[in-house]
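Chemist: sequence and predicted structure, then a few things I'm wondering about:
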Amino acid sequence: MDIATTPPTERRRIALAAVKELGPQRTEQAVLKVRCPASHTVAAVYKTSAGTVVVTASGPGGRGNRDREAVGHHGDKLDSQFVDTLEATQFEDDAIPGGCACGPRSLSRKKLQDAVATHAHVVNLT
């Protein structure tokens, strides 16, 4: 995919499809996880067929592995996710929206790219 000529909405659609290809056990395939000071997972980065993709939760969610997920009547998760390629054009904002049970967060696309390049496995937010 050519990032420079692909509109952001189309790029996000392609990124979402690529993440879905990873299957239900995709968390085991993450190359980078971003955690808040309370150890909640704020974001994860995956290597996919569309390139490096970041997935962030944008609202409060469960606090542990035994918490029930908030699921709507038709099986849709009520907490939305932001899915996009980690690479973007120079005209886009560096900030990526994220969040956890602690509240909303803003992640730096550049810092996530640097963490992936240095093979960091976990980034802890301060």
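Modeler: Received, thanks. Residues are numbered from 1 along each chain as shown.

Chemist: and Lys47, what element?
Modeler: Assessed by DSSP states H and E, Lys47 sits inside strand 41-48.

Chemist: please compute how far that strand lies from its chain's middle.
Modeler: 5 Å (Cα atoms, centre = their mean, to the nearest Å).

Chemist: can you name the element that comes right after that strand?
Modeler: strand 51-57.

Chemist: so what touches the following helix or strand past that next one?
Modeler: Using DSSP H and E, the helix or strand that follows strand 51-57 in sequence is strand 81-85. For strand 81-85, the external contacting residues (Cβ atoms under 8 Å, 6 or more residues apart in numbering) are 1, 3, 8, 11-12, 14-16, 19, 50-58, 96-98. For every residue, glycine as well, the C-beta is placed using N, CA and C.

Chemist: in its sheet, what does strand 81-85 sit against?
Modeler: With DSSP bridges as the test, strand 81-85 is paired with strand 51-57 (antiparallel).

Chemist: now do the strand it pairs with, average pLDDT.
Modeler: Mean pLDDT, computed over strand 51-57, is 93.

Chemist: pull it out as PDB, backbone CA atoms only.
Modeler: What follows is strand 51-57, C-alpha atoms only, in PDB (Å, rounded to 0.1, in the frame of the first residue of the first chain):
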ATOM      1  CA  GLY A  51       2.400  -3.300   7.200                       C
ATOM      2  CA  THR A  52       2.800  -2.300  10.900                       C
ATOM      3  CA  VAL A  53      -0.600  -1.600  12.400                       C
ATOM      4  CA  VAL A  54      -1.500   0.000  15.700                       C
ATOM      5  CA  VAL A  55      -4.700  -0.900  17.600                       C
ATOM      6  CA  THR A  56      -5.800   1.300  20.500                       C
ATOM      7  CA  ALA A  57      -8.800   1.100  22.700                       C
END
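
Chemist: what's it in contact with?
Modeler: Around strand 51-57, the neighbours that count as contacts under Cβ under 8 Å, 6+ apart are 1, 15, 18-19, 31, 34, 41-46, 79, 81-87, 96-100, 107, 109, 112-113, 116.
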